[in-house]
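Engineer: Following is a predicted model, sequence given first.
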Amino acid sequence: MGKPLKTVVTYGTFDLFHVGHVRLLKRLRGLGDRLIVGCSTDEFNEKKGKRTVMPYAQREELLLGCRYVDDVFPEKNWEQKRSDITKYKVDIFAIGDDWSGHFDSLQDICEVMYLPRTSGISSTDVKKLVVSRFKNELVSIATELQNVEKRLRSLTEIE
């Protein structure tokens, strides 16, 4: 018999899948032989006060399409992590260091690791950038409409 496979688990929303997600998943996969991901459901995100752009099914499909991910399952609540770790025979629970210390209570059943986030990119940043660009477009359109309105007024004053 060969050595047993080392299973790594992580959790997240993975909305607006971006290079930071890919880099994190690559690093996580490098910690073991198998990477499984608990992807937060839309209902769970609502309870956390998060609004996602992409529905759960699409986020799950993207994760499954990533070569570093072996399996995805729904994360429905905070409490399920302990039972997931047991169910999937997880050796390492790893997550971004923005959660540092939050999951230390799981150290009695697996190794817990907090990995540095990819600097300069996050789903929140992507959303802000999209909103900013959309806002700029709206301001531009509003300005153009005001100019058209002024031209129309000046035309009607001539008549």
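Structural biologist: Here it is on my side, so go on.
Engineer: lowest-pLDDT helix or strand in the chain?
Structural biologist: In the chain, no helix or strand scores lower on mean pLDDT, DSSP states H and E than helix 123-158, which sits at a mean of 70.
Engineer: Phi and psi next, for G12.
Structural biologist: phi 170, psi 170 (degrees, to the nearest 10).
Engineer: One more: L35?
Structural biologist: Dihedral angles (degrees, to the nearest 10) for L35: phi -120, psi 120.
Engineer: Disregarding flanking residues, what is the spatial nearest neighbour of it?
Structural biologist: Using CB to CB, 6 or more residues apart in numbering and skipping residues adjacent in sequence, the residue nearest L35 is R29, 4.5 Å away. (C-beta placed from N, C-alpha, C; glycine too.)
Engineer: how many other residues sit next to that neighbour?
Structural biologist: 18 (other CB atoms under 10 Å).
Engineer: residues in contact with the spatially closest residue to L5 that is not a sequence neighbour?
Structural biologist: Sequence neighbours aside, D33 is the residue nearest to L5 in space, at 4.2 Å (criterion: CB to CB, 6+ apart). Counting by CB atoms under 8 Å, 6 or more residues apart in numbering, D33 touches 5-7.
Engineer: so who does V8 touch?
Structural biologist: Contact analysis of V8 by CB under 8 Å, 6+ apart lists 28-29, 31-32, 34-36, 90-94.
Engineer: follow-up on the earlier one: now the contacts of D33 in a markdown table, with pLDDT and neighbour count?
Structural biologist: A markdown table is the format used below for the contacts of D33 (pLDDT from 0 to 100; neighbours: other CB atoms under 10 Å):
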| residue | pLDDT | neighbour count |
| --- | --- | --- |
| L5 | 88 | 11 |
| K6 | 97 | 14 |
| T7 | 98 | 21 |
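Engineer: Among the residues you listed, which one lies nearest to W99?
Structural biologist: T7 (19.3 Å; CB to CB).
Engineer: So what sits opposite that closest one in the bridge?
Structural biologist: R34 (DSSP bridges).
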